[in-house]
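Q: give the three-dimensional model of this entry:
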Amino acid sequence: MKIKYIICVAVLTLSCLKVTAQEGLPIYTDYLTDNYYLIHPSMAGAANCSKIRLTARQQWFGQEDAPKLLTLSANGRIGDSPSAIGGIVYADKNGYHSQKGAYATYAHHLMFSRSEVDLNMLSFGLSAGFIQYQLDETDFLNDAPVGDPSIGGGVQSRTNFNMDFGFSYHYLDFYAHGTIKNLLKNSGVNNDLEITSNLTRYLLSAGYVFSRLESTWSFEPSLMFQYKSGTKESTIDVNAKVYKATDFGSIWGGLSYRQSLDGAQYLSDSGAINSQKLNQFTPLLGVNYKNFMFAYNYTYQSNAVVFTNGGFHQLSLGYNFSCRREPYDCNCPAVN
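A: Down below sits the predicted model:
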């Protein structure tokens, strides 16, 4: 029974917890901490200010070799032109797998309104960069059969090139994004597996910010749908954020719920075949103090069978600079 349970947990971990050792930059909920550029290249320079964002994520505290992620991004307009540039570097480690990546982005913004007083903007963005995949096999020989030719006992490493393309549309308090990530196939260190070389992912996001005239409160519901081409997996995020404007900036918080639309089957202790889908709840809290931003979010997985009850902690730090004289005349936190 114990072996059966371990196998079930391993399968569910791989299929539901989104093991991200070889799929490019992982997509968690850090985009909700004022960092849409991290997943949508068209958001480079879309805001009134240039932005720097640093995020650190740690999963399953107390577990050896637990997944961890560190990202650093920056983006902004090129002077007063409609063009913008950005860059992302990241390091992602998950057990024996790890990856490091660096992307450069070019974006262009088309204003359909006569001025920035009434926001009506269509944006396009293209990111290109390199990802270095690594697989550490130095401990594999301890338990491997003698003479196993499939295990070299060293550190496998391979560097691949990839690209992301996307668009964004902002109209007053409404926004929508669409992005295709990992346009090219990357063999990584598992080039004999189709599901690890086809890393293409499709993202669709939309939201609206509701507020009353002269009120210091605003409410932002949003959705994000993502689909992985290689594994045919899809998930949807349902998000809600609340903002409170203050003299020094704003205080905000919210809740994100992620649901997979595909499940994984497992064998229970009674011998019955059950299935479960990924269910994650992520409360988040943040503050914008003048040009600085600080946010924290915690992800809790509510499934019955999980690797560990420990959650996923993430911190985000940000700084805005080179702000234009007047912000957009809209209640749109992502671009103001």
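Q: ok, which stretches of the chain are helices?
A: Remark: helices assigned in the chain by DSSP state H are 2-16, 194-197.
Q: mean pLDDT lowest where, among those helices?
A: For the helices of the chain, mean pLDDT drops lowest on helix 2-16, to a mean of 37.
Q: what about the chain, any weak spots by pLDDT?
A: By pLDDT under 70, the weakly predicted segments of the chain are 1-23, 60-65, 139-153, 187-196, 265-269, 304-310.
Q: I figured Tyr243 hits Gly249, correct?
A: No - judged on Cβ atoms under 8 Å, Tyr243 makes no contact with Gly249 at a distance of 10.2 Å. Yep, even glycine has a C-beta here, placed from its N, CA and C like the rest.
Q: the two: who's more crowded?
A: Set Tyr243 next to Gly249 and count neighbours by other Cβ atoms under 10 Å: Tyr243 wins out with 21 against 15.
Q: okay, that one and Phe281: tell me how far apart.
A: The span separating Tyr243 from Phe281 equals 20 Å under the rule Cβ to Cβ, to the nearest Å.
Q: same deal with Ala264?
A: Distance, Ala264 to Phe281, by Cβ to Cβ: 19 Å.
Q: contact partners of stretch 281-297?
A: 29-30, 32-34, 49, 53, 241, 248-258, 298-300, 302, 313-321, 323 (Cβ atoms under 8 Å, 6 or more residues apart in numbering).
Q: which of the residues you listed count as buried?
A: Burial by neighbour count, judged by 16 or more other Cβ atoms under 10 Å, picks out 29-30, 32-34, 49, 53, 241, 250, 252-254, 256, 258, 299, 314, 316, 318, 320 from those.
Q: so of those, which ones are in strands?
A: 53, 241, 250, 252-254, 256, 258, 299, 314, 316, 318, 320 (DSSP state E).
Q: wait, Ser322 touches Ser50, no?
A: Yes - counting by Cβ under 8 Å, Ser50 is a contact partner of Ser322 at 4.4 Å.
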